[in-house]
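Chemist: structural data only, the sequence is not supplied:
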């Protein structure tokens, strides 16, 4: 199968099955949000701050190194497996010992037992890291997506079942552990991985050389992604962490279930053309353009419809997250433009670039976060994230230019079509809301669900109409990419 067919097929399967998984997750969370208190979700999020931090050390970037390596053998696979397993056991033991310190830091004694229970993740997930990396290396994204969907089904069923029996934090903890075990078993079975008692010191050194830089970048990224939760948990309270977690979860939907999936598919594709700068440039700019066609309108529409969405899905007790969610939408929009740099850095063997950007972000983020959280509470924490992302966007793009020789005008041109069409959509949403408020029946006025559906229909129609009128060629290209696994690019050449 050609590179394009593998990439497009992988993208389609990732999208279809991830949308199904997310639909299940939304229904599950909407159900749990009415059973469990916001503080429960906040405690779970705080526990995962500690777990995610230690997770950076359980594979030391070895799984990414396995994907990036040009050669593959049983010796390489088995060496990677033993390295991951040893680090996973060590991290699990360390997590058990560090749990009391984490609980003391967050001033929440309940966090200790939750973190200690979740330490099992390190041992369980160690078995599935290498098989999962092999599936990615082989670009078997349909299989990966099916495994993720199966894990989501198991997690939803277990979480709801446990919550009905005992509505507490443990319903989320045990559901997550069961889901992790199921996904690892399926990854092992589907990858065809056969473990050998082989260990190569030279291969291990290669993995360490590649993974140590990734791990350093991972530590910095962990702090970047979790610093808000850490600050809010320490300076405010657990309930506010729950609000922040839900707001970020909804706002990041388009990146988690679309943008990052595309980039995951493209990492091996970029790696295969790492020695062809012109092809890298073509793929990078085209992917940026089509990512923006989805992320820009999503973030704009979500910000405008946030109030009715929260009322419909989660109820009035969660309305405090509306302004936080709107600010988080702006953060995710900037992230969708910047995040395409990571796979390029790794594919070109320059993971240090990602580390440099992340470290610069931390240097800006820490003082801003402390000052703005003290001044503005939860909203101040999110706005500090927005300010940092605005500063880092041009820095990230400048580093990409060292591997992908594009012009700044080409970068801006890739973003403008989506921005202009989204502006038309926003105008349509505002006018549609005014029209509905002045002429609609009381049934529409009193139903957040109907208002949400009406707004989505008006906004979607305005966006599609704008694309049809002003960017028709791109509109048809999107349709071809979605419904056909091969064809021609805008330039008329075969490729991604």
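Modeler: Thanks, I have the structure now. Being a predicted model, the structure only gives us computed values, none of them experimental. Numbering: from 1, shown residues only.
Chemist: return the distance of the spatially closest residue to residue 134 that is not a sequence neighbour relative to residue 138.
Modeler: Distance criterion Cβ to Cβ, 6 or more residues apart in numbering; nearest residue to residue 134, sequence neighbours excluded, is residue 191 at 4.5 Å. C-beta: built from backbone N, CA, C; applies to glycine. Going from residue 191 to residue 138 by Cβ to Cβ, to the nearest Å gives 8 Å.
Chemist: those two: which is more packed in?
Modeler: Set side by side, residue 191 and residue 138 show more neighbours around residue 191, with 23 against 16, by other Cβ atoms under 10 Å.
Chemist: which helices and strands does the helix ranked longest in the chain pack with?
Modeler: Counting by DSSP state H, the longest helix found in the chain is helix 351-400. Applying 3 or more Cβ pairs under 8 Å, 6 or more residues apart in numbering; DSSP states H and E, we find helix 351-400 packed against helix 201-235, helix 238-251, helix 322-338, helix 341-347.
Chemist: of all those, which one is nearest residue 377?
Modeler: helix 238-251 (7.5 Å; Cβ to Cβ).
Chemist: and the angle for the closest one with helix 322-338?
Modeler: 50 degrees (axes from the mean of the first three to the mean of the last three Cα atoms, to 10 degrees).
Chemist: export the helices and strands packed on helix 351-400 to a markdown table and append columns for distance to residue 452 and mean pLDDT.
Modeler: Shown next, in a markdown table, are the helices and strands packed on helix 351-400 (distance: least, Cβ to Cβ, whole Å; pLDDT from 0 to 100):
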| stretch | distance to residue 452 | mean pLDDT |
| --- | --- | --- |
| helix 201-235 | 27 | 71 |
| helix 238-251 | 13 | 87 |
| helix 322-338 | 13 | 93 |
| helix 341-347 | 33 | 76 |
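Chemist: so which of these gets nearest residue 258?
Modeler: helix 322-338 (8.6 Å).
Chemist: can you list the buried residues in stretch 110-124?
Modeler: Neighbour-count burial for stretch 110-124, counted by 16 or more other Cβ atoms under 10 Å, picks out 110-112, 114-124.
Chemist: quick one: contacts of that stretch?
Modeler: If you take Cβ atoms under 8 Å, 6 or more residues apart in numbering as the criterion, stretch 110-124 is touched by 43-44, 46-48, 50-51, 54-55, 58, 88-89, 91-93, 95-96, 98-100, 102-103, 169-170, 173, 176-177, 180-181, 184.
Chemist: among the residues you listed, name the buried ones.
Modeler: Burial by neighbour count, 16+ other Cβ under 10 Å: within the contacts of stretch 110-124 this picks out 43-44, 46-48, 50-51, 54-55, 58, 88, 91-92, 95-96, 98-99, 102-103, 169-170, 173, 176-177, 180-181, 184.
Chemist: quick one: mean pLDDT for stretch 252-270?
Modeler: Stretch 252-270 carries an average pLDDT of 73.
Chemist: no, scratch that, I was asking about stretch 369-386
Modeler: Mean predicted confidence for stretch 369-386 is 92.
Chemist: quick revisit: which ones among the buried ones among the contacts of stretch 110-124 map onto helices?
Modeler: 43-44, 46-48, 50-51, 54-55, 58, 88, 91-92, 95-96, 98-99, 102-103, 169-170, 173, 176-177, 180-181, 184.
Chemist: just the buried residues of stretch 110-124 now: which is nearest residue 369?
Modeler: So of the buried residues of stretch 110-124, ranked by how close each gets to residue 369 (Cβ to Cβ), first place is residue 111, at 20.7 Å.
Chemist: put together CSV for the buried residues of stretch 110-124, with secondary structure and pLDDT on each row.
Modeler: CSV is the format used below for the buried residues of stretch 110-124 (DSSP: H, G, I helix; E, B strand; the rest coil; pLDDT from 0 to 100):
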residue, secondary structure, pLDDT
110, helix, 85
111, helix, 85
112, helix, 88
114, helix, 87
115, helix, 86
116, helix, 88
117, helix, 88
118, helix, 84
119, coil, 85
120, helix, 87
121, helix, 84
122, helix, 83
123, helix, 83
124, helix, 86
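Chemist: circling back: could the helices and strands packed on helix 351-400 go into a markdown table alongside mean neighbour count and distance to residue 402?
Modeler: Shown next, in a markdown table, are the helices and strands packed on helix 351-400 (neighbours: other Cβ atoms under 10 Å; distance: least, Cβ to Cβ, whole Å):
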| stretch | mean neighbour count | distance to residue 402 |
| --- | --- | --- |
| helix 201-235 | 19 | 16 |
| helix 238-251 | 23 | 31 |
| helix 322-338 | 21 | 15 |
| helix 341-347 | 24 | 9 |
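Chemist: which among these is found nearest to residue 468?
Modeler: Of all those, helix 322-338 comes closest under Cβ to Cβ, at 23.1 Å.
Chemist: now do that closest one against helix 351-400, angle only.
Modeler: 90 degrees.
Chemist: can you report how many residues neighbour residue 353?
Modeler: 22.
Chemist: who touches it in this structure?
Modeler: Going by Cβ under 8 Å, 6+ apart, residue 353 touches 341, 345, 399, 402-403.
Chemist: 6 Å - rerun?
Modeler: 345, 399 (Cβ atoms under 6 Å, 6 or more residues apart in numbering).
Chemist: ok, residue 35 next?
Modeler: Residue 35 neighbours (Cβ under 6 Å, 6+ apart): 163, 167.
Chemist: quick check: the gap between it and residue 162.
Modeler: Applying Cβ to Cβ to residue 35 and residue 162 gives a distance of 11 Å.
Chemist: which non-adjacent residue is nearest residue 300?
Modeler: Per Cβ to Cβ, 6+ apart, closest to residue 300 is residue 422, 4.8 Å.
Chemist: what helix or strand is the one you found on?
Modeler: Using DSSP states H and E, residue 422 falls within helix 408-439.
Chemist: same for that helix, what does it pack against?
Modeler: Identification of packing neighbours for helix 408-439 by 3 or more Cβ pairs under 6 Å, 6 or more residues apart in numbering; DSSP states H and E yields helix 277-313, helix 448-470.
Chemist: state the mean pLDDT of that helix.
Modeler: Rounded mean pLDDT across helix 408-439 is 85.
Chemist: what residues of that helix count as buried?
Modeler: For helix 408-439, by 16+ other Cβ under 10 Å, it's 411, 414-415, 417-418, 421-426, 428-429, 432-433, 436.
Chemist: residue 431: what's it in contact with?
Modeler: Counting by Cβ under 6 Å, 6+ apart, residue 431 has no contacts.
Chemist: what about it, distance to residue 103?
Modeler: 51 Å.
Chemist: with residue 81 instead?
Modeler: Taking Cβ to Cβ, one finds residue 81 at 33 Å from residue 103.
Chemist: cool, residue 426 as well?
Modeler: Applying Cβ to Cβ to residue 426 and residue 103 gives a distance of 44 Å.
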